[in-house]
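Peer 1: Would you be able to build a 3D model of this:
(4 chains)
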Number of protein chains: 2
Amino acid sequence: MLHKPQPNQNHILAALTPEVQKRLYPHLELVPMPLRAVLYDCGQPMHHVYFPTNAIVSMQYLLENGASTAISVVGNEGLLGVSLYMGGGELTSSRSLVQSAGHAYRLPKRKVREEFDRHGELLLLMLRYTQALLTQVSQTAICNRNHQIDKQLCRWLLLSMDRLEDNRLTMTQEFIANMLGVRREGVTEAALNLQRLGVLSYRRGIIEVLDRPKLEELSCECYEVVRKQTDLLLDHKPQRQVIKKPENIATAML
Amino acid sequence: MLHKPQPNQNHILAALTPEVQKRLYPHLELVPMPLRAVLYDCGQPMHHVYFPTNAIVSMQYLLENGASTAISVVGNEGLLGVSLYMGGGELTSSRSLVQSAGHAYRLPKRKVREEFDRHGELLLLMLRYTQALLTQVSQTAICNRNHQIDKQLCRWLLLSMDRLEDNRLTMTQEFIANMLGVRREGVTEAALNLQRLGVLSYRRGIIEVLDRPKLEELSCECYEVVRKQTDLLLDHKPQRQVIKKPENIATAML
DNA sequence: TGTCTTCTGTTCGCCAGGTCACATAGACAT
DNA sequence: ATGTCTATGTGACCTGGCGAACAGAAGACA
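Peer 2: Now for the predicted structure:
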């Protein structure tokens, strides 16, 4: 990171008109997001909405027996703290965990509510994003039921890649296993296959994607569904109806 | 059904002030919801938001191979057609299928947007419900990953029961299997166990719940989590902060 | 009454992914 | 070099749920 992160790296903030930016930016606070930091934990009060610039955050649900599964991945296309403006009070029932270090800008809940009451651009963007989030969570639900570990690993890697500048991810197999809610050995096996196919190189927590098209091919359909839907919803045009959908945002980001 | 269904049977409509009701009710259209009717299908345009009075609707996601899984259950506590006000355009990526016959009132999208722009009570209620829906879908995702068929069957029956007046459900095992995204035989086996334990009686598509406390006990935690969160969010009080949570809404409904 | 259809019960083999236990191999500090 | 982590690779074994195929039972209907 050579330069200080800018709010505009976050797509939602960037989509605001200069006028609204001028009003909001003075209230944004830049916060570092170190690996494995916990933004919100279950049952804890939330005080800010976070807009990641280059960090990636996972939302996890936990079970009584301690098992956990990630239900969504959030990067610079989105935000965290949905229930602060949806009216769900300030308690969250999920845990938000930094999965790839970076920064985020955050806005205190008071300001978020002011914007909500103003009923302006930011609210529309936030709601649109929430809709995309709902799609991602739904697709994760059906993916969990129907697809095998190796496909899901591909989905996960792709979702993460799309939210990074380079093609290098820093996460151990153990960590991925926790995110997917599967055994670590299962990830090991799937990752080995991907290495044999020349798609990845994996060494002690550092994954390098060598053949992205192949990775997409090996992934389950869920990745594509989520990406297309997200692109469609977050192609921040002035009004509700979006006609064309951009095909290659994901690859263009590399 | 002896009397004509009333809008107030739907909790969201009922929570509106008389003033707003007066404005909206003339535009509500009562529609019958026969078993297995499809309200929206994937990729189809949506024209109304539906407020069920006594019908139960399932939202399903489909896969390329034809498999499907229900990601949520909606009854008189909620509404269908979220993306009409969240700004996702008019296309839905899920299918909404009537799971228990009844009626619903529906509001044309034009009116929904008027209400949205008005930024009034209805919007707040709709957003609050959307938050509850997100919780339900998230919990379903983790449930799909971690819990066994028999527990999930209990969860499903309870979620459905809470949205009905009596303790009798009309659905075949085949149908339930489709909803849960599992084999029919798996449901047969789980249902047999429940019958042996005296929790259910099951005869050709008609399920009678005989011992509800036991059913709750045998269910996975997911039911409780969703119910509590839903009660909390939809306990339609004037403002955002809700302190106490009502414990027995579900059973009181019987 | 008998026939047809739909729903439920049962069985058997198979496999992905779970648990458990342990072996190796980078990374790093002393 | 040596020891100590931590991350990855491997194996043996078990189980829940899948696929397929079929038998019986309850309604529907002529």
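Peer 1: From now on I want contacts and neighbour counts done on CA atoms only, so please keep to that.
Peer 2: Noted.
Peer 1: any idea which helix or strand carries the closest residue to residue A:82 other than its chain neighbours?
Peer 2: Spatially, and ignoring its direct neighbours in sequence, residue A:82 is nearest to residue A:130 (7.0 Å; Cα to Cα, 6 or more residues apart in numbering or on different chains). Counting by DSSP states H and E, the element that carries residue A:130 is helix A:121-146.
Peer 1: Please name every helix or strand in contact with that helix.
Peer 2: The elements that helix A:121-146 packs onto, with contact taken as 3 or more Cα pairs under 8 Å, 6 or more residues apart in numbering or on different chains; DSSP states H and E, are strand A:68-74, helix A:109-118, helix A:221-234, strand B:56-62, strand B:68-74, helix B:83-86, helix B:121-146.
Peer 1: Kindly present those as a markdown table, with separate columns for mean neighbour count and distance to DNA strand C.
Peer 2: Rendered in a markdown table, the data for the helices and strands packed on helix A:121-146 read as follows (neighbours: other Cα atoms under 10 Å in any protein chain shown; distance: least, Cα to the nearest atom of the strand, whole Å):
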| stretch | mean neighbour count | distance to DNA strand C |
| --- | --- | --- |
| strand A:68-74 | 25 | 11 |
| helix A:109-118 | 15 | 38 |
| helix A:221-234 | 20 | 15 |
| strand B:56-62 | 25 | 18 |
| strand B:68-74 | 25 | 17 |
| helix B:83-86 | 24 | 32 |
| helix B:121-146 | 23 | 8 |
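Peer 1: would a markdown table of those with mean pLDDT be doable?
Peer 2: Rendered in a markdown table, the data for the helices and strands packed on helix A:121-146 read as follows (pLDDT from 0 to 100):
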| stretch | mean pLDDT |
| --- | --- |
| strand A:68-74 | 96 |
| helix A:109-118 | 93 |
| helix A:221-234 | 92 |
| strand B:56-62 | 95 |
| strand B:68-74 | 96 |
| helix B:83-86 | 94 |
| helix B:121-146 | 96 |
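Peer 1: possible to save those as CSV with distance to DNA strand D?
Peer 2: Putting these into CSV (distance: least, Cα to the nearest atom of the strand, whole Å) gives the following:
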stretch, distance to DNA strand D
strand A:68-74, 17
helix A:109-118, 35
helix A:221-234, 17
strand B:56-62, 14
strand B:68-74, 11
helix B:83-86, 30
helix B:121-146, 8
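Peer 1: got TSV for these, with distance to residue A:88 too?
Peer 2: Below are the helices and strands packed on helix A:121-146 laid out as TSV (distance: least, Cα to Cα, whole Å):
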stretch	distance to residue A:88
strand A:68-74	18
helix A:109-118	12
helix A:221-234	23
strand B:56-62	22
strand B:68-74	18
helix B:83-86	16
helix B:121-146	6
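Peer 1: of these, which approaches residue A:32 most closely?
Peer 2: Closest to residue A:32 of the helices and strands packed on helix A:121-146, according to Cα to Cα: strand A:68-74, at 15.7 Å.
Peer 1: returning to that earlier point: pretty sure the residue nearest to residue A:82 contacts residue A:83?
Peer 2: No. Counting by Cα atoms under 8 Å, residue A:130 sits too far from residue A:83 to count as a contact (9.7 Å).
Peer 1: Pass me the low-pLDDT residue ranges in chain A, would you?
Peer 2: Of all residues in chain A, those with pLDDT under 70 make up the ranges A:1-2, A:236-254.
Peer 1: Pull the number of nearby residues for the residue of it at minimum distance from DNA strand C.
Peer 2: In chain A, the residue that lies nearest DNA strand C is residue A:148 (3.0 Å; Cα to the nearest atom of the strand). Look at residue A:148: counted by other Cα atoms under 10 Å in any protein chain shown, it has 14 neighbours.
Peer 1: In three-state terms, label residue A:165 for me.
Peer 2: With DSSP: H, G, I helix; E, B strand; the rest coil as the basis, the three-state label of residue A:165 is coil.
Peer 1: can you tell me how far it sits from residue A:80?
Peer 2: Relative to residue A:80, residue A:165 is positioned 20 Å away (criterion: Cα to Cα, to the nearest Å).
Peer 1: quick one: which of those two has more around it?
Peer 2: Neighbours were tallied for residue A:165 and for residue A:80 using other Cα under 10 Å; the higher tally belongs to residue A:80 (22 against 10).
Peer 1: Pull the number of nearby residues for the nearest residue to that one once chain neighbours are set aside.
Peer 2: Take residue A:80 and drop its neighbours on the chain: the residue closest to it by Cα to Cα, 6+ apart is residue A:50, 5.1 Å away. Close neighbours of residue A:50, defined as other Cα under 10 Å, add up to 22.
Peer 1: Quick check: bridge partners of residue A:50?
Peer 2: The residues listed as beta-bridge partners of residue A:50 by DSSP bridges are residue A:80, residue A:106.
Peer 1: Would you agree it is in contact with residue A:82?
Peer 2: No. Using Cα under 8 Å, residue A:50 is not in contact with residue A:82, being 9.6 Å away.
Peer 1: if we can go back for a sec, which residues touch the residue nearest to residue A:80?
Peer 2: Residues in contact with residue A:50, defined by Cα atoms under 8 Å, 6 or more residues apart in numbering or on different chains, are A:79, A:80, A:81, A:104, A:105, A:106, A:107.
Peer 1: give me the element residue A:54 is part of.
Peer 2: Here residue A:54 is covered by no helix or strand, with elements defined by DSSP H and E.
Peer 1: what pairs with the closest residue to it other than its chain neighbours across the strands?
Peer 2: The shortest distance from residue A:54 to any residue other than its chain neighbours is 5.2 Å, reached at residue A:102 (Cα to Cα, 6+ apart). Under DSSP bridges, the beta-bridge partners of residue A:102 are residue A:33.
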